[in-house]
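1. Just need the structure, nothing else, for what follows:
(one chain, ligands or ions: 1)
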Amino acid sequence: MLTIERLSGPFGSEITGLDLNTEPDSATFDKIVEALHRHAVICIRGQQSLTPEKHIAFSKRFGELEVHVQSSFNLDGYPEIYCITNCVDEKGDALGLAEAGRVWHTDLSYMREPSRCSLLHALEVPVDEDGNPLGDTLFASCTMAYEALADEMKERLRTMKAIHSYRQVYERIKAKSKPGRQGLKDFTEEDFQKVPPTIHPAIIAHPHTGAPILFCDFGTTESFVGMSQDESDTLLEKLTAHTVRPEFVYTHKWQCGDLMIWDNIQTQHFAVDDYWLPQRRRMQRTTVKGPAPRAAG
Ligand SMILES: [Fe+2]
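-> Presented below is the predicted three-dimensional model:
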């Protein structure tokens, strides 16, 4: 039987009693969507045997799927699945991106239509010598962060717009990349031109609940429109420090078989780098397209 319970933290819930190799009926799926919008992140436990086909089929219930621009890390035969792993094949070649999410970010916010949600399936979770999980993912609620802003800041941001770019997040992650760790593939100017920067309102309305959301992140936001780079950097650092305060952050400790779904529009996330081969981390992600963000009213 399906149960939905709050996770320990300021937001988030976990779902048990589901096997996604059998497609949920529409009443069950509606409960999952409602929980996602209400709790921002949901973890469906116990999906160790979920196949790539069923992962894709379930993800498509939320909408059309994206194919990631770093296509060399897409799963063979399943381009909608992006591999996030530090594992290598017998020749030592990367089986996926090891250094995903090393800066706070919202997935694909550099697109005109950022993703609605992402579904990350944990196939292998690294552990320390005592068996404790490593490689936590931190999620911050940008709805809670907005609510807690001072009225003057809310008013200041209300009409502002921010420029988001893939180049920004690419360079931020590259700057943190460690030697001997498989990071992002080299991108040419031509590659970057295929994903040009885009502009979004700094405060957007959630497309389903209407709740206002602080929509700028350290990873992908280049600058605010009409501001000098210095002024913009200062504001972005201040807003990021505010958004990732502990009272707005849920830390996910992974279990093998977790299918973590995050409402990408109302959250940011960050992947902790505290493991190294032979500690293996192997994850597969699908990403669902969303609507173009609109300014909160
Ligand atoms: Fe991400």
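
2. Quick check: residues of this protein near the ion?
-> Proximity of the chain to the ion, by CB under 5 Å from the ion, involves residues G101, D107. Heads up, the C-betas are built off the backbone N, CA and C, glycines and all.

3. Next, name the residue at the spatial heart of the chain.
-> Geometric centre of the chain, nearest residue: D107, 4.7 Å, by CA atoms, centre = their mean.

4. three-state assignment of the closest residue to the ion within the stretch 151-297 of the chain?
-> For the stretch 151-297 of the chain, the residue closest to the ion is H269, as judged by CB to the ion, at 5.6 Å. The local conformation at H269, judged by DSSP: H, G, I helix; E, B strand; the rest coil, is strand.

5. Could I get the pLDDT score of it?
-> For H269, the model assigns a pLDDT of 97.

6. If we ignore the residues flanking it in sequence, what's nearest it?
-> F139 (4.9 Å; CB to CB, 6 or more residues apart in numbering).

7. Just grab the bridge partners of that neighbour for me.
-> Under DSSP bridges, the beta-bridge partners of F139 are Y250, H269.

8. Over to H164?
-> T198, T221.

9. Does it touch S223 like I think?
-> No: H164 is beyond contact range of S223, at 9.7 Å (criterion: CB atoms under 8 Å).

10. Could I get the contacting residues of the residue nearest to H269?
-> By CB atoms under 8 Å, 6 or more residues apart in numbering, the residues touching F139 are F11, G12, A40, V41, V249, Y250, T251, H252, W262, T267, Q268, H269.

11. what about burial for the residues you listed, which qualify?
-> Neighbour counting with 16 or more other CB atoms under 10 Å marks F11, G12, A40, V41, V249, Y250, H252, W262, T267, Q268, H269 as buried within the contacts of F139.

12. What is the three-state secondary structure of D217?
-> Under the three-state scheme (three-state DSSP), D217 adopts coil.

13. wait, what's in contact with D186?
-> Applying CB under 8 Å, 6+ apart, no residues qualify as near D186.

14. Make 55 the first number, not 1, from now on.
-> Yes, from this point I'll number from 55; that puts the last item at D240.

15. what does the model give it for pLDDT?
-> At D240, pLDDT is 78.

16. where does it land in three-state SS?
-> coil.

17. Now do E209: how many residues are near it, please.
-> 10 (other CB atoms under 10 Å).
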